[in-house]
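In: I need the structure of the sequence given here:
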Amino acid sequence: SNSCPSRPIIFFFVRGIYRIRTAYVPSVSPFHICYVLEGNAGFHGAICCYTRVRFRRFILQPLNLANGPADSFISNAVASRAEARAESDVRRECCLAGQCQRFFDVRPAPVQAQFPGLVRLILAFLRGDPHFVTLDGLNYTFNGRGEYRFLRAERATVVVEGQVRTQPLSTTNATVNTAFAVGMVSGGDTLLRVQVTAQQTSLSILLNGVTDISVDVMNLPLGGEDIFQPNDNVIFSRDEDGGVIVSIVGSMSFTVALNNVTSIPSLTISATISADFTQSGGVTSGLLGVMNGDPSDDLQFRNGTVLLQPATEREIFPVMQTWQITTAESFFTYSGGGNARDFAFPSHVPVFSDELSVDPAIEAQCGGNAECIFDATATGNINVGMETMAITNELEIQRTQTANQDPTITPGTPITIVLGQTVQYVFSVREVDAGDTVTVALEPIENTVVPSNTDIVVDGSIVDNVQVFVLTWTAAAIDVNVSLQIVARDSNGGVARLTVPVTFCPCNNSQPCDPVEPGNDGGESRFVRQTCNCGEAYTGEVCGDDRDECVAGTGCFMGVECTDVPAPDTGIICRACPEGTTGDGVTCEDILECSDMPGPCDAQATCAEEFGSFQCTCNVGFTGSGMSCTDLDECSLETDNCGTNAVCTNTQGGFTCECADGFEGDPMVSCSDIDECTDGGHGCDTVLATCVNTIGGNTCECIAGYTGVGTVGNCVDVDECTLGT
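Out: Numbers count the residues shown, from 1 in each chain. Coordinates of the predicted model:
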């Protein structure tokens, strides 16, 4: 098979054929149990994990682990939790650094765990009140008393032989299995002896005749989660119902279970051997018959003479009695110097079911089951019969399902799909068991769902046990974790699972996806959801929204109304630039009004640029709006700053200050009086007049006897005589 077995019971039975260990996988929940094929370098190889869902002796739903994500899988199973955590940490670091492949070069693990050729097994068994089903499927009853060769398997120089001890019930002539022994001989040397004896409430287990390992084995957890391996030749484990599995390394396994409904405790014993045992030169003999696919020769004398069928139990009895072992052949351990002869009773004649008088009430309770009727009648205990029927039914189911070959799925090409696309995935299912019917469906992996719009149809007819199927899927929007797990189930419980690798681009509006990151294979679901790379027109996780470039992009110039162009087109539409600016609405530049000739302001104003406008300011000495300016009469407004005794004279755009007549100095600060009488600028007649200084000027006074204004030439003699003065 190219995948994990559908039922981990296969692992229980073949521990002796292959080296198989339970594995701790830190990323798998405690509700799973994992097994690993052990290679020469210790724990190294494929891992198969199973959900703990009990159904009879089988755990269903194998969990096939894949190479990712970084914390979901550990390829190399290890013996301790500490080692497992360390291994997981190393892988996580490698993968986060983009070096997943380098990790798997050192720790190889396939996409689906490989389990080479173990699914096809043969199961034979012996129920408590000795009823047999041979390796080739023949049912018969043999109520011998003593120790017998249960099954001998020879291949090359190695012999493994299981032996059974039967003893009578205390009140009847019926016998039950009370002990089981198995030995391993190679090249004439006895390498191993194991004995399992029924006790009232438990099993006693003796190794090599001297070491009591009952506690070591019986304390193992049920379900095969742990093992006890005292040497290189045998491995002990427990099945889910408490039976002890004795696995002979390189050969076969025996399962021994305790029944305590009879007056003495008894055993149910089953043997499991690989279907290819005889193809590799192996030969079997004993009460379980000759393994060759032909049940007609299973009733043989020890000398090889075959009893023709059909045969009565009375005819069968002497044939199978020849398989009673001698002391030299025995692998049992005896107390008090006993031997095999102590359990041999040549005169024993059992009760034969086909000669019994059957109570109709027992027949009714047993529902017509022959073995139930026989055991209930022979022992006088209906509970014994009902237990036999229950065990028989369960073992028959187990035998059928163990021998059943799981269907196998041949995968198609991994799916790469985009949203809205329809894809067809072609795969085939092979079912080699005649009469088995196969159903194929999609089932979700844990914590995922099957995507909608999926369908599986048959394509053509079955050719060489192979049926082709076509999975059709139209990818719709997905907002949950999904997986495409194809499950093929046959009518005998065989299961094959295939998780289809999917790379899904979920983008709307035909937008592309970014490439898958190295090392990302979707983990257990094998479903890789890519990241959308939305173009300029779209936004959102899956490019489902129109990207408003007025908001998300550069937009229009500040203050300009912006309108987004609807997808799939891109771009924006901008209104006109603000007044006083010029441009396309995305970029607006100031209009330089002050540079115009003539400028916008009054000739007596200064123009200052402002973005989108300008400012006119009348020059000093002028007043107005700036667009129109008139002279400012500082003198009349008394806003001049002329000094004391200065005279303000208005000018266009300003004023001047001059010292008043008769004054001198800085007219902007202060003007002082000029003493004209001193500096000679008085204008008086220097002979006939006297100069008198005044503020801002002077006066001239004619001397006595003269009259006039006193200026030069303007003093006239007074004629006192005439005047009478």
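
In: Where do the strands of the stretch 401-550 of the chain begin and end?
Out: 408-410, 415-418, 422-430, 438-442, 454-463, 466-474, 485-490, 495-499, 502-505, 527-529, 538-539, 545-546 (DSSP state E, counting those that start in this stretch).

In: Quick check, pLDDT for the spatially most central residue of the chain.
Out: Geometric centre of the chain, nearest residue: Gly523, 5.0 Å, by Cα atoms, centre = their mean. pLDDT, the model's per-residue confidence, is 81 for Gly523.

In: Would you quantify the distance from it to Val440?
Out: According to Cβ to Cβ, to the nearest Å, Gly523 stands 24 Å off from Val440. In short, each C-beta sits where N, CA and C put it, glycine included.

In: Check Tyr140 too.
Out: 39 Å.

In: what about the chain, any weak spots by pLDDT?
Out: Scanning the chain for pLDDT under 70 picks out 1-129, 170-172, 224-225, 260-263, 394-404, 725.

In: Helices along that one, start to end?
Out: Ranges of helices within the chain are 9-13, 81-96, 100-106, 214-218, 313-321, 360-365, 370-379, 382-403, 549-552, 676-679, 720-723, based on DSSP state H.

In: that older thread, okay, the strands of the stretch 401-550 of the chain in JSON lines with distance to Phe301 next?
Out: JSON lines is the format used below for the strands of the stretch 401-550 of the chain (distance: least, Cβ to Cβ, whole Å):
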{"stretch": "strand 408-410", "distance to Phe301": "41"}
{"stretch": "strand 415-418", "distance to Phe301": "61"}
{"stretch": "strand 422-430", "distance to Phe301": "41"}
{"stretch": "strand 438-442", "distance to Phe301": "42"}
{"stretch": "strand 454-463", "distance to Phe301": "44"}
{"stretch": "strand 466-474", "distance to Phe301": "44"}
{"stretch": "strand 485-490", "distance to Phe301": "38"}
{"stretch": "strand 495-499", "distance to Phe301": "42"}
{"stretch": "strand 502-505", "distance to Phe301": "62"}
{"stretch": "strand 527-529", "distance to Phe301": "62"}
{"stretch": "strand 538-539", "distance to Phe301": "85"}
{"stretch": "strand 545-546", "distance to Phe301": "86"}
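
In: Ok, which of those strands comes nearest Leu151?
Out: Closest approach to Leu151 among those is made by strand 485-490 (28.0 Å; Cβ to Cβ).

In: And the closest one, what's buried?
Out: Within strand 485-490, the residues that count as buried by 16 or more other Cβ atoms under 10 Å are Gln485, Ile486, Val487, Ala488, Arg489, Asp490.

In: Closest one of those residues to Leu169?
Out: Taking Cβ to Cβ as the measure, Asp490 is the one of the buried residues of strand 485-490 closest to Leu169, at 40.9 Å.

In: what about the closest one, distance to Ser428?
Out: Applying Cβ to Cβ, the value for Asp490 to Ser428 is 15 Å.

In: Repeat that for Glu524.
Out: 24 Å.

In: of these two, who's got more company?
Out: Glu524 (24 against 18; other Cβ atoms under 10 Å).

In: what's stretch 307-325 in contact with?
Out: Here stretch 307-325 makes contact (Cβ atoms under 8 Å, 6 or more residues apart in numbering) with 140-144, 146-149, 163, 286-287, 296, 299-303, 340, 344, 349-350, 352-355.

In: Please produce a PyMOL select command covering the buried subset of those.
Out: Remark: buried members of those, expressed as a PyMOL selection using 16+ other Cβ under 10 Å:
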select buried, resi 140+141+142+143+144+146+147+148+149+163+286+287+299+300+340+344+350+352+353
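
In: Show only the entries of the contacts of stretch 307-325 found in strands.
Out: Tyr140, Thr141, Gly146, Glu147, Tyr148, Arg149, Gln163 (DSSP state E).

In: tell me which residues form a beta bridge with the fourth one?
Out: Beta-bridge pairing of Glu147, defined through DSSP bridges, involves Arg165.

In: doesn't Gln163 make contact with it?
Out: Yes. Between Glu147 and Gln163 there is a contact under Cβ atoms under 8 Å: 5.9 Å.

In: Identify the contacts common to the two.
Out: Ile325, Ser330, Phe332.

In: Identify, from the ones in strands among the contacts of stretch 307-325, the entry nearest to Pro265.
Out: Glu147 (17.3 Å).

In: Now do the closest one against His682, distance only.
Out: Per Cβ to Cβ, Glu147 is found 174 Å from His682.

In: next one: Thr178
Out: Thr178 is 170 Å from His682, by Cβ to Cβ.

In: got it, and Thr255?
Out: 156 Å.

In: again, but for Ile391
Out: Note on Ile391: its distance to His682, by Cβ to Cβ, is 162 Å.

In: Give the residue from those two that has the larger number of neighbours.
Out: Neighbours per residue (other Cβ under 10 Å) separate Ile391 from His682, with His682 holding more: 23 against 18.

In: Let me know whether that one touches Asn698 as I believe.
Out: Yes. Here His682 reaches Asn698: they are 4.6 Å apart, a contact under Cβ under 8 Å.

In: Could you name every residue contacting both of the two?
Out: Counting by Cβ under 8 Å, 6+ apart, the shared contacts of His682 and Asn698 are Glu676, Cys691.

In: List the beta-bridge partners for Asp631.
Out: Under the criterion DSSP bridges, Asp631 forms beta bridges with Phe622.

In: How about the contacts made by it?
Out: Contacts of Asp631 by Cβ under 8 Å, 6+ apart are Gly621, Phe622, Asn650, Gln652, Gly653.

In: swap in Val290?
Out: Contact analysis of Val290 by Cβ under 8 Å, 6+ apart lists Leu135, Asp136, Val283, Thr284, Asp297, Asp298, Gln300.

In: where's Val319 relative to Gly519, distance?
Out: Remark: distance between Val319 and Gly519 (Cβ to Cβ) = 65 Å.

In: re the thing from before, got TSV for the contacts of Val290, with distance to Met386 too?
Out: As requested, those are exported to TSV (distance: Cβ to Cβ, whole Å):
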residue	distance to Met386
Leu135	27
Asp136	28
Val283	38
Thr284	32
Asp297	33
Asp298	27
Gln300	32
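
In: Looking at the ones in strands among the contacts of stretch 307-325, spot the one nearest Gln604.
Out: Gln604 has its nearest neighbour among the ones in strands among the contacts of stretch 307-325 in Gln163, at 133.6 Å by Cβ to Cβ.

In: Show me what the closest residue to the closest one other than its chain neighbours is bridged to.
Out: Setting aside the residues directly before and after it, Gln163 is nearest to Ala181 in space (Cβ to Cβ, 6 or more residues apart in numbering), at 4.7 Å. Ala181 forms beta bridges with Gln163, Gln195, as assigned by DSSP bridges.

In: Equivalent analysis for the one 5 residues further on, please.
Out: Partner residues in beta bridges with Ser186: Val158, Asp189, with DSSP bridges as the criterion.

In: Confirm for me that it is in contact with Val160.
Out: No. Counting by Cβ under 8 Å, Ser186 stays clear of Val160, with 9.5 Å between them.
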